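*Asks:* Build me a model from this:
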Amino acid sequence: MPSRASRALALIAALTLSACATRPTDPAALRAYEETNDKWEPLNRTMFDVDQALDAALIRPVAWTYRKVTPEPVRDGVSNALTNIRSPVVFLNDLLQGQGTRAAITIARFVVNSTLGIGGLFDVAKRMGTPGHGEDFGQTLAVWGVGDGTFLYLPLLGPTSVRDGFGLGVDAFAFDPFSWYSYNPHNNQSVQWYLLGAQLVDAKSSTMATTDELKKSSIDYYAALRSAYRQYRAREIRNGAPAPAGSMPAFDDEEGDPFAPEKPQAPK
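*Replies:* From the prediction side, this is the model:
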C-alpha cells in the first residue's frame, strides 16, 4: 500500500476529478453499483492502469533493487524510523478521537524510540512491551461519524476515498511537522520529497510479495484491491476490534491483507 504521507496528495487530486460513471438503470446492476460505492469507476480504472504502468516502469524496479541490495535489518530500521517520524500525526489524531491512553502510549513510544532507539531506527518500545498503532485524520473523521464518500484510485497514491483523501491531506499539510518546516522558505524544501520517496519505496518493498499474490489469485485485480482497501480501513477505524455482526468479512489478523507489512518467515 502507498505511504500515508504520499496519499495525502489525494485531497488535491480529488478536487480535480470531474468525470463519473453513468448510473445504471437495471435493478441488479444498480444494487451492485451502489454496493461498490465507486461512482467514478471508469476514471478510477484508467488511473489504476496508469498506476500499474508507473509501478512497472519506476516504483517496482527501485523497490526490488532496494530489497535485494539492502539487508533486512537495515530495511527494518528504515521502516521503524519512518513510523517514528509520523508519531506527532498519530498523537494529534489520538487526542482528537478522545483516546487519552493511546495518545500517552504514542508519545511515550516516540520519546523512547527517538532516544534509546537512535532516532527511531530500533523499536525499543515494542521490545519493552509497548507496541505502536496507527491513526490518521481520515480515521478521526470516521469516528466523528463522517461517511467515507466515493472510492478513488490515484496513481502512486493508490486506493483511497473522498473522506480519507481529505483526512490525509490534513495530516500532511496541517499536522505533520515536516510540512511546518517546509513552510519556511529558508529551509530545505527538498526534505519532504526525499521523505516521500523513502516512504513510497519502503511501502512497496514491504508489501510487494503480498500484492503480487493477490494479483495472481484475482480475476479482477482492481476490484480485489478496492475490496481489500475497504476491509483494511474498516479494521483500522475499529482499532482492531471484531467487525460488527452482519458486516463484510474482514481479514483474519493481517493474513491476506495487501496493505500490511510482510511478516518475517520462520526459520526452516
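
*Asks:* dump the residue contacts of Thr106.
*Replies:* 87, 90-91, 94, 132-133, 135 (CB atoms under 8 Å, 6 or more residues apart in numbering). To be clear about C-beta, it is placed using only N, CA and C from the backbone, and glycine gets the same treatment.

*Asks:* I should have written Ile237 there, sorry.
*Replies:* Per CB under 8 Å, 6+ apart, neighbours of Ile237: 139, 142-143.

*Asks:* quick revisit: now restrict the contacts of Thr106 to buried residues only.
*Replies:* 87, 90-91, 94, 132, 135 (16 or more other CB atoms under 10 Å).

*Asks:* Need those in JSON lines (columns: secondary structure and pLDDT).
*Replies:* Output for the buried ones among the contacts of Thr106, formatted as JSON lines (DSSP: H, G, I helix; E, B strand; the rest coil; pLDDT from 0 to 100):
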{"residue": "Ser87", "secondary structure": "helix", "pLDDT": "96"}
{"residue": "Val90", "secondary structure": "helix", "pLDDT": "97"}
{"residue": "Phe91", "secondary structure": "helix", "pLDDT": "97"}
{"residue": "Asp94", "secondary structure": "helix", "pLDDT": "97"}
{"residue": "Gly132", "secondary structure": "coil", "pLDDT": "95"}
{"residue": "Glu135", "secondary structure": "coil", "pLDDT": "96"}
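
*Asks:* from those, which is closest to Arg235?
*Replies:* Glu135 (13.1 Å; CB to CB).

*Asks:* any idea which helix or strand carries the closest residue to that closest one other than its chain neighbours?
*Replies:* In this structure, Glu135 finds its nearest non-sequential neighbour in Asn93, 3.8 Å apart by CB to CB, 6 or more residues apart in numbering. Element membership of Asn93 [criterion: DSSP states H and E] is helix 87-96.

*Asks:* Can you give me the neighbour number for Gly138?
*Replies:* 30 (other CB atoms under 10 Å).

*Asks:* Next up, the contacts around it.
*Replies:* Taking CB under 8 Å, 6+ apart, we find Gly138 in contact with 161, 163-168, 233.

*Asks:* which two in these are spaced the farthest apart?
*Replies:* Pairwise across those, and taking CB to CB, the largest span is found between Phe166 and Arg233, at 13.8 Å.

*Asks:* which ones are touching Leu116?
*Replies:* Contacts for Leu116 (CB under 8 Å, 6+ apart) come out as 122, 124.

*Asks:* again, 7 Å this time
*Replies:* For Leu116, the contacting residues are Val124, by CB atoms under 7 Å, 6 or more residues apart in numbering.

*Asks:* Show me which residues of stretch 122-133 are buried.
*Replies:* Quick answer for stretch 122-133 (16+ other CB under 10 Å): 122-125, 132.

*Asks:* Count the neighbours of the residue nearest to Pro155 when sequence neighbours are not counted for me.
*Replies:* With sequence-adjacent residues excluded and distances taken as CB to CB, 6+ apart, Pro155 is closest to Asp51, at 4.3 Å. For Asp51, the count of nearby residues is 20 (other CB under 10 Å).

*Asks:* any idea whether Asp148 is helix, strand or coil?
*Replies:* On the three-state scheme (DSSP: H, G, I helix; E, B strand; the rest coil), Asp148 is labelled coil.

*Asks:* With adjacent residues omitted, what lies nearest to it?
*Replies:* Excluding the flanking residues, the one nearest Asp148 by CB to CB, 6+ apart is Ser161, at 4.2 Å.

*Asks:* ok, now which ones touch the one you found?
*Replies:* 148-152.

*Asks:* For these, give me TSV that also has pLDDT, distance to Asp38 and neighbour count.
*Replies:* Formatted as TSV, the contacts of Ser161 follow (pLDDT from 0 to 100; distance: CB to CB, whole Å; neighbours: other CB atoms under 10 Å):
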residue	pLDDT	distance to Asp38	neighbour count
Asp148	90	11	20
Gly149	90	11	17
Thr150	91	7	19
Phe151	93	4	20
Leu152	92	9	24
